[in-house]
Each structure stands twice: as structure tokens, then as C-alpha cells.
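J.: Need a 3D model of the following:
(one chain, ligands or ions: 3)
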Amino acid sequence: MRRAVAAIVLLAAATAAPAAVLAQPEQETDPWGFEDELEADPWGFDDEVEEPETWATLLRDQASDLLLFTAFAALALVSFFRKSVALKYVTLVAAIVYLGFTKSQLVSVVNVYGLLAGNLPVFKYSLAWYLFAGFTLVTTVLWGRLYCGRVCAFGALTQLMDRIVPARLRVEVPAWLERRAALVKFGLLGATLLYFFLTTDIAAYRYVEPFWMFTRRASTGMWAGLAVLLVATVFVRNLYCRFLCPVGAFLGLISKLTVFRIKRWSECNTCKICEKTCEWGAIRGPQIVMTECVRCDDCERLYADTAKCPHWIILRRRSAAAQTAR
Ligand code: SF4
Ligand code: SF4
Ligand code: SF4
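T.: Numbering: from 1, shown residues only. Ligands and ions are numbered 1, 2, ... in the order given. Down below sits the predicted model:
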């Protein structure tokens, strides 16, 4: 508004000034002091001049978020490829501190609504968000639910709880119940999507996912619900992720496309070591259930463990038998 008024005044001045000069030809200098006033910038234009928006300015403004997420993603990938337990826990702590409490950046069911409804943030103003979302989607297609295994701040929190809570408090969910309970999250995903597409109301997300906890803004009832969920997680590890999370269900469905799957030996048909080790109920006999697997590495470390995995033990025995037979 100020600019419009100023522009009108300037335009009037610009048209009035020559008329005044015509009426008073002897006055060569600016009789109304326009120049002085313009030099003094009476409308404060100088203060308000905005830098033109270019990709350079956009990148500069978002550089810190882009660099920090790139560093985090590099850490997550290095920990994944090196199958390092220590680096995995460093990644989980970084996920809670940086993506959780600092940025409150988690994939939410609201993002699933946006993706399916074609309503996404403006690209040029949300570069870090697209980097984060792109990383999640690409890694899910390539390796499965890597996001759940080491990027999601809430999943990281419950995985760290799992390390701290004494094993004697654990309640092991029977396999038959695990299979049925794992379907609940797909039902919740379907119900929230149906509700959104019928009402276009996104508010239901606060009641199906606890990610708001990282913003520390919620009603007393919601904090009470979260407390119940976390206490239940003490007894049933990764309870929310395994049975209730709609985002986990959505990523699980994408994981069916996974390109680089976990390898299995022929001995896995009868060996139960990895199945018993998997804390996510993602191994059923020789099969890895990609919708449930979060690429935590536990079974892959066993796969490569020449001292524990029967595949290597059998190979060694065969080779020793062949040598004695010669
Ligand atoms: S299942 Fe949900 S809460 Fe758990 S890690 Fe995945 S997205 Fe996060
Ligand atoms: S320990 Fe080895 S043989 Fe047994 S299930 Fe795991 S990878 Fe397969
Ligand atoms: S133990 Fe293996 S199958 Fe189970 S979640 Fe971890 S990587 Fe996936």
C-alpha cells in the first residue's frame, strides 16, 4: 500500500514538475525540494528493497537445512552399508535430536494425503523437505523401510528404549498374533485415507500418530495417550511401529517393490536363528516379509557371521571332510 501511494505521488511529481518548470522558467533548480526529499528517501524505499529471488538466493536461504540433512542421510547410509551397530545407534540418536526435537521433521500420514491428492509443498521453497521425502521414497524402493529402521525419530526413540529396558520385562508376541496385529496398521492407513478423501479434513492425523510429541504441543489427553503407548512399548517392543503406524504401513506397501532384498541361504529354509533374532516379526520361515522389515541389519549380520550362521559352519565341515577324505 505504501508503495502504491508513493508511486502515485512520484508519478504526480514527475508530471507536475515539468509544468511548474514551464510556468517559472527562471527557476532552474528544484523549487519544491523534490530532489532533496528523494535523496532522503522519505518513503523508506531503500529499507524495503528486496533482493530479487533467484535459485542462488533460494539455495543460500535453505543451505543449512540442506547440508544438515545431507550429512544425516550420509551417516544413515554409511551405518547401513557398513552394518555397524555403533554407527546405527549414533544415527538413531541423531534422528531423535535433529529430525525429532530440532526440526520436527517426520514423514506423517498428512504427507501421504498430500502425495495422493497431488497437494505438495512448493518445490523452490521446500528444498530440504523434498530432499528428505525423496531420500525416504528412493531408499524405500531400493532397500525397504530404511526410513523406519534409522531415520524416523519416533522409531529411533522406541528402538533406543528397547536397548535400555531389561529383557525380563519383555512380552514376546506369539507368531500367530503378530501376523494378525501387523494388519491393524494397514486398516488404520485405509481408515485415515478414507476419512481424508471423504471430508478433506487432515486433523485425524493427531490421533493416529504420536509425532506431534516432538513439537511438545498437545492437549493433556494426548500426552496421557502417549504415556500409555510408551509404557506399553516397555513390554511389547516397537509396539506402535509394528502394529499401529499408518506411515509404516504405507512404506511397507512401497517396500513390496524393493530392488535390493536381503539374501538368504538354502539353510534358511530350516534354520530359525534369524527368525528368533528379528525384533520386528519380519521373518517367517525362509521368507523375509518386506512390509514388516525395517532393514535393522540384525539378520544380515548373522548372515555374514561365519561363527554363528549354519551356512558357514556346514561349509567348513564339508571342506574339512573333503580334506580328510583326500
Ligand atoms: S513405523 Fe511409523 S513410527 Fe515406526 S519408524 Fe516407521 S514411520 Fe516411524
Ligand atoms: S543364521 Fe544363517 S542359515 Fe540361519 S537363518 Fe540366519 S542366515 Fe539363514
Ligand atoms: S532382522 Fe532382518 S528381517 Fe528383521 S527387521 Fe531386521 S533386517 Fe529386517
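
J.: from memory Val165 sits against Val234, does it?
T.: Yes: shown here, Val165 and Val234 form a contact pair, counting by C-beta atoms under 8 Å, at 5.2 Å. Yep, even glycine has a C-beta here, placed from its N, CA and C like the rest.

J.: Looking at these two, which is more packed in?
T.: Ranked by neighbour count (other C-beta atoms under 10 Å), Val165 and Val234 place Val234 first, with 17 against 14.

J.: The more buried one: what secondary structure?
T.: helix (DSSP: H, G, I helix; E, B strand; the rest coil).

J.: Tell me which residues touch it, please.
T.: Val234 makes contact with 161, 165, 169, according to C-beta atoms under 8 Å, 6 or more residues apart in numbering.

J.: what's the closest of these to ligand 1?
T.: Met161 (12.2 Å; C-beta to the nearest ligand atom).

J.: Quick one: residues in contact with the one helix or strand the closest one maps to.
T.: Using DSSP states H and E, Met161 maps to helix 153-164. Identification of contacts with helix 153-164 by C-beta under 8 Å, 6+ apart yields 89, 91-93, 95-96, 99-101, 106, 148-150, 209-211, 213-214, 230, 233-234, 237-241, 248, 279, 294, 296.

J.: just those that are near ligand 3?
T.: 294, 296 (C-beta under 6 Å from any ligand atom).

J.: ok, of the contacts of helix 153-164, which come out buried?
T.: 89, 91-92, 95-96, 99-100, 106, 148-150, 209-211, 213-214, 230, 233-234, 237-241, 248, 294, 296 (16 or more other C-beta atoms under 10 Å).

J.: Give me the neighbour count for whichever residue of the stretch 1-150 of the chain sits closest to ligand 2.
T.: For the stretch 1-150 of the chain, the residue closest to ligand 2 is Lys83, as judged by C-beta to the nearest ligand atom, at 13.3 Å. If you count neighbours by other C-beta under 10 Å, Lys83 ends up with 14.

J.: try Arg264
T.: 17.

J.: how about it, what does it touch?
T.: With C-beta under 8 Å, 6+ apart, Arg264 has these contacts: 286, 288, 303.

J.: Just say helix, strand or coil for it.
T.: Note that with three-state DSSP, the state of Arg264 is coil.

J.: could you measure it against ligand 2, distance?
T.: 6 Å (C-beta to the nearest ligand atom, to the nearest Å).

J.: least trustworthy helix or strand in this structure by mean pLDDT?
T.: Within the chain, no helix or strand scores below helix 2-23, which has a mean of 39 by mean pLDDT, DSSP states H and E.

J.: so does the longest helix belonging to the chain get close to ligand 1?
T.: What stands out as the longest helix in the chain, according to DSSP state H, is helix 55-82. No: counting by C-beta under 6 Å from any ligand atom, ligand 1 has no neighbours in helix 55-82; the shortest distance is 12.7 Å.

J.: Downstream of that helix, the next helix or strand is which one?
T.: Assigned by DSSP H and E, the successor of helix 55-82 is helix 85-94.

J.: where does the stretch 1-150 of the chain have low pLDDT?
T.: In the predicted model, the stretch 1-150 of the chain carries pLDDT under 70 at residues 1-49.

J.: and it, which of its residues are near ligand 1?
T.: Going by C-beta under 6 Å from any ligand atom, the residues of the stretch 1-150 of the chain near ligand 1 are Cys148.

J.: thinking again about what came up before, so which bits of the helix holding Met161 are buried?
T.: By neighbour count with 16+ other C-beta under 10 Å, helix 153-164 contains the buried residues 153-159.

J.: and that helix, anywhere near ligand 1?
T.: Yes: shown here: helix 153-164 in contact with ligand 1 (C-beta under 6 Å from any ligand atom) through 154-155.
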